[in-house]
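Student: A structural model of the following input is requested.
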Amino acid sequence: MTAEELIYYGLEYKFITLYLTGQMQYNDMIEKLTIAIQQFAKRQLTWFRRMERNGMKIHWIDGELTLDQKVEIIIALLN
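Tutor: Next up is the predicted model:
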């Protein structure tokens, strides 16, 4: 797989490939990747909030729950 193909696959692939190919310094990679991930997360949240405004029910699950607790909530929602 070429570097250009890796860059296409997503944020982490892009910035790590740029670093490994010498096109970006390590600290720049970390900084730019962090910013890009935060921007992507914000776009995702905006997308889900718009879905809620349009009447779609979103079941938000607390990320700090244990895996077993999350699974119990999901199973309860499916039943």
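
Student: Go through this structure and flag its longest helix.
Tutor: Using DSSP state H to define each element, the chain has its longest helix at helix 26-53.

Student: per-residue confidence for the residue nearest to residue 8 when sequence neighbours are not counted?
Tutor: The shortest distance from residue 8 to any non-neighbouring residue, by CB to CB, 6 or more residues apart in numbering, is to residue 14 (8.0 Å). Placement of C-beta: from N, CA and C, glycine included. According to the predicted model, the pLDDT of residue 14 comes to 90.

Student: Look up how far residue 66 lies from residue 14.
Tutor: Per CB to CB, to the nearest Å, residue 14 is found 33 Å from residue 66.

Student: same check, this time on residue 45
Tutor: 23 Å.

Student: Distance from the host helix or strand of residue 75 to the middle of the chain?
Tutor: In the assignment (DSSP states H and E), residue 75 maps to helix 67-78. From the chain centre to the centre of helix 67-78 is a distance of 21 Å (CA atoms, centre = their mean, to the nearest Å).

Student: So for it, mean pLDDT?
Tutor: Rounded mean pLDDT across helix 67-78 is 97.

Student: elements contacting that helix?
Tutor: Judged by 3 or more CB pairs under 8 Å, 6 or more residues apart in numbering; DSSP states H and E, helix 67-78 has no packing partners among the helices and strands.

Student: Alpha carbons of that helix, in CSV - could you do that?
Tutor: Provided in CSV are the C-alpha atoms of helix 67-78 (Å, rounded to 0.1, in the frame of the first residue of the first chain):
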residue,chain,number,x,y,z
LEU,A,67,-18.8,-2.3,29.4
ASP,A,68,-21.3,-4.6,31.1
GLN,A,69,-23.5,-1.6,32.1
LYS,A,70,-23.4,-0.3,28.5
VAL,A,71,-24.4,-3.8,27.1
GLU,A,72,-27.3,-4.0,29.6
ILE,A,73,-28.6,-0.6,28.5
ILE,A,74,-28.3,-1.6,24.8
ILE,A,75,-30.1,-4.9,25.4
ALA,A,76,-32.9,-3.2,27.3
LEU,A,77,-33.3,-0.7,24.5
LEU,A,78,-33.5,-3.5,21.9
